[in-house]
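# Sequence and predicted structure, then a few things I'm wondering about:
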Amino acid sequence: MVIFGIVCALAARLAPLGEQGAETGMWYSIVPPLLAIVLAFLTHHVLPSLGIAIVVGGMLTAVPQNPASAAAWLEGFKTVGAHLANTVTDKTNLTILAFVPPIFVMVEVVIASGGFRGIILWLLKWVKGRKSAQAATALMGILCFIDDYTNAIIVGSMMQPITDRFRVSREKLAFLVDATSAPIAGLAVVSTWIAYEVSLLGAVGQELGIEKSGYSMFFDALSFRFYCLLMIVFVFVHILAGRDFGPMKNSEDLAKTGGLPEEGETSSPKVTADSRATTAAQGSGRALNALIPLAGLLLFHFTGLWFDGTSKLEKDMLEWQTQSLTTAVENMPPRPVDIDSLSPASWIYWREVIGHAHNSPLVLACAALFGLTLALLCGRLFGSLDIAIAYRCFCRGVWRAAIPIVILILAWSLKNCCDSLKTGKFLTTILADRVSPYWFPPILFLVASVTSFATGTSYGTMAILIPTAIPIAFALDGQAYGLTTMISVGAVLDGAIFGDHCSPISDTTIMSSIASSCDLIEHVRTQLPYSLFVAGLALVCAYLPSALGLAPGWSFLLAVLIMGCFFAALAQGKRRTSR
């Protein structure tokens, strides 16, 4: 409550007055997301926290202008209903929600047919302890770089029984899944994120007269994506060091002493010596029950993105050629990518194709249905899956999917509430114009982090800050595309992912916790110190030195060196304690 009051007081003190304040958002626009976060941490219950925040946000859209009017209060309740209605009628939201139940049902079918158990038995030949179990999880997260949702669901569901066996806490599993989903997808030059990032950069570049494509700006900023790069390094360094800190250490210590949930509390069966003996004879067949559906899901997703991306590129080229027949050359937009001129063997080809796929949620939903179909067929052909078991798997999967669906609906409704109150614009306005060129990129990283954490969306944060903050960086560079602009692009993209990574109302955070069978608030509470540590390194050891002129490679090495010293100090402290 003290923190809540202090933040609100600072927002009111810094808020612009008059017409400018009305255009950029009032100080109380921060109340709904801040209230949701505070209540979630206080009560450990996400659903009522989100619900209360949405109701308060709806009231704030109408009541402050006329608090004594009953009509204003009624309008506030109508606004709450409108936010929820807009969420459940949005086409993109519905396609994402359509992806959730088939995935959970597929996981249940694969478990019931022994597929995951077969994979576990194979992985156990290579996974010999807690470190190798965690390293295998991180490597799988990096390999599933195409999409963050697919990453979270597949890696979390598949690795949970293995990490359970070696007494790795569910909180650690959820962190590893979350830390290798959005950070990897945001960096990958072939992913479902690239088109969105590049389109925003291309639009602002065209507006500012920068003679570079969106892809060129993305690659220029890639060496300044310090948070994402350092998070990947942190994941492996802390696994190799075998040292945890903060709430995660308590969770890991509890797991080591047998404090994992019982078998009835998880959807994935534990692997015991008896189960290993029972499935040894059928290991290959049972492994196929998981490998074929998962491979089918990934291949369908990849193929669907290819069809979607190529059709979009061909359509853009056809429209450009048609327009060129009736439009003067100087008035023509930039020539789109000619997909026929690129070789399918080049990574540029796949980067362009997958980057221009604009129906990725629909492709993902269809891929989930395809994977479920394959799981049912494999269960019948290679296992003993009958109709009764399949029906129970369907009921369990739909029931498990109900909670994340409700949470996602409420989280998106809160985002709609923040959009109507102009929360992102308000945060940008009060912080963006108060720094020098050297301080602007680090401050922009903080602004993007706070905005993303408060709104629970990295995409929304990018959409707000790239068009508004990059022109400021361009002006600070002397109306030229220089160092400040390039670092600022990286700071926005990284800050958006960092805040989204930590926020309890983020869809990727929710997906990671559900797929790992970990309580959402515990997931956020345990991973927050890790994310803050990496973000602090990125800010102090990378963004600040780079803004002052240090080469990004040296800034990155400096941050990695300090990270290594930190874990060495943890190890030394543990030795002294043990003595």
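Received it, and whenever you're ready, just let me know what you need.

# and the helix or strand residue 201 falls within, what does it pack onto?
Under the criterion of DSSP states H and E, residue 201 resides in helix 194-208. When contacts are defined as 3 or more C-beta pairs under 8 Å, 6 or more residues apart in numbering; DSSP states H and E, helix 194-208 packs onto helix 214-222, helix 347-355, helix 458-476. (Each C-beta comes from the backbone N, C-alpha and C, glycine too.)

# Check those helices for me and report the most buried one.
Ranked by mean neighbour count, those are led by helix 458-476 with a mean of 22 (mean count of other C-beta atoms under 10 Å).

# Okay, helices next: where are they in the stretch 151-300 of the chain?
With helices called from DSSP state H, counting those that start in this stretch, the stretch 151-300 of the chain shows them at 170-179, 182-187, 194-208, 214-222, 226-241, 247-256, 273-280, 283-324.

# Of these, which shows the lowest average pLDDT?
Ranked by mean pLDDT, those bottom out at helix 273-280, which scores a mean of 35.

# CA atoms only: put stretch 358-377 into PDB for me.
Taking Å, rounded to 0.1, in the frame of the first residue of the first chain, the C-alpha atoms of stretch 358-377 are listed here in PDB:
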ATOM      1  CA  HIS A 358       0.400 -12.200 -40.700                       C
ATOM      2  CA  ASN A 359      -1.900 -15.000 -39.700                       C
ATOM      3  CA  SER A 360       0.400 -16.800 -37.200                       C
ATOM      4  CA  PRO A 361      -2.200 -17.200 -34.400                       C
ATOM      5  CA  LEU A 362      -4.600 -19.000 -36.900                       C
ATOM      6  CA  VAL A 363      -1.700 -21.100 -38.200                       C
ATOM      7  CA  LEU A 364      -0.800 -22.000 -34.600                       C
ATOM      8  CA  ALA A 365      -4.400 -23.000 -33.800                       C
ATOM      9  CA  CYS A 366      -4.600 -25.200 -36.900                       C
ATOM     10  CA  ALA A 367      -1.300 -26.800 -36.000                       C
ATOM     11  CA  ALA A 368      -2.600 -27.600 -32.500                       C
ATOM     12  CA  LEU A 369      -5.600 -29.400 -34.000                       C
ATOM     13  CA  PHE A 370      -3.300 -31.300 -36.400                       C
ATOM     14  CA  GLY A 371      -1.100 -32.300 -33.500                       C
ATOM     15  CA  LEU A 372      -4.100 -33.500 -31.500                       C
ATOM     16  CA  THR A 373      -5.300 -35.600 -34.400                       C
ATOM     17  CA  LEU A 374      -1.900 -37.200 -34.800                       C
ATOM     18  CA  ALA A 375      -1.800 -37.900 -31.000                       C
ATOM     19  CA  LEU A 376      -5.100 -39.700 -31.100                       C
ATOM     20  CA  LEU A 377      -4.100 -41.700 -34.200                       C
END
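
# got the buried residues for that stretch?
358-372, 374-376 (16 or more other C-beta atoms under 10 Å).

# swap in stretch 300-309?
Under the neighbour-count criterion of 16+ other C-beta under 10 Å, stretch 300-309 has 300-302, 304-306, 308-309 buried.

# possible to save the residues you listed as a markdown table with distance to residue 28?
As requested, those are exported to a markdown table (distance: C-beta to C-beta, whole Å):
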| residue | distance to residue 28 |
| --- | --- |
| 300 | 46 |
| 301 | 42 |
| 302 | 45 |
| 304 | 43 |
| 305 | 41 |
| 306 | 47 |
| 308 | 41 |
| 309 | 42 |
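
# which among the residues you listed gets closest to residue 343?
Nearest to residue 343 among the buried residues of stretch 300-309, counting by C-beta to C-beta, is residue 306 at 14.5 Å.

# now that closest one, nearest residue through space, not along the chain?
Closest residue to residue 306 apart from its sequence neighbours, by C-beta to C-beta, 6 or more residues apart in numbering: residue 353 at 5.7 Å.

# who are the neighbours in contact with residue 208?
470-471, 474, 481 (C-beta atoms under 8 Å, 6 or more residues apart in numbering).

# With distance to residue 254 and pLDDT as added columns, please give the residues you listed in a markdown table.
Output for the contacts of residue 208, formatted as a markdown table (distance: C-beta to C-beta, whole Å; pLDDT from 0 to 100):
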| residue | distance to residue 254 | pLDDT |
| --- | --- | --- |
| 470 | 45 | 80 |
| 471 | 50 | 78 |
| 474 | 51 | 81 |
| 481 | 52 | 82 |
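
# Farthest pair within those residues?
Within the contacts of residue 208, two members stand farthest from each other by C-beta to C-beta: 471 and 481, at 11.7 Å.

# and the end-to-end length of stretch 125-133?
Stretch 125-133 stretches 11 Å from its first residue to its last (C-alpha to C-alpha, to the nearest Å).

# Quick check: buried residues in it?
For stretch 125-133, the neighbour count (16+ other C-beta under 10 Å) marks 127, 130, 132-133 as buried.

# just stretch 513-531 next, same as before
Across stretch 513-531, burial judged by 16+ other C-beta under 10 Å covers 513-528, 530-531.

# sorry, back to before: for residue 342, see how far away the residue nearest to residue 306 is.
Going from residue 353 to residue 342 by C-beta to C-beta, to the nearest Å gives 9 Å.

# that older thread, which two from the buried residues of stretch 125-133 end up farthest apart in space?
For the buried residues of stretch 125-133, the farthest-apart pair by C-beta to C-beta is 127 and 130; their separation is 9.3 Å.

# As TSV, the helices and strands packed on helix 194-208 with distance to residue 336 would be great.
Output for these, formatted as TSV (distance: least, C-beta to C-beta, whole Å):
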stretch	distance to residue 336
helix 214-222	12
helix 347-355	10
helix 458-476	21
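
# burial of residue 233, as a residue count?
Residue 233: 16 surrounding residues under other C-beta atoms under 10 Å.

# That one is in contact with residue 564, isn't it?
No: distance between residue 233 and residue 564: 9.4 Å, which falls outside the contact criterion (C-beta atoms under 8 Å).

# Residue 132 contacts residue 126, doesn't it?
Yes: counting by C-beta under 8 Å, residue 132 touches residue 126, with 7.0 Å between them.

# mind listing what's buried in stretch 87-98?
Neighbour-count burial for stretch 87-98 flags 87, 93, 95-98 (criterion: 16+ other C-beta under 10 Å).

# Now tabulate these in CSV and tack on secondary structure.
Formatted as CSV, the buried residues of stretch 87-98 follow (DSSP: H, G, I helix; E, B strand; the rest coil):
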residue, secondary structure
87, helix
93, helix
95, helix
96, helix
97, helix
98, helix
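
# returning to what we had before: and the helices of the stretch 151-300 of the chain, which is most packed in?
It is helix 170-179: most buried of the helices of the stretch 151-300 of the chain by mean count of other C-beta under 10 Å, with a mean of 29.
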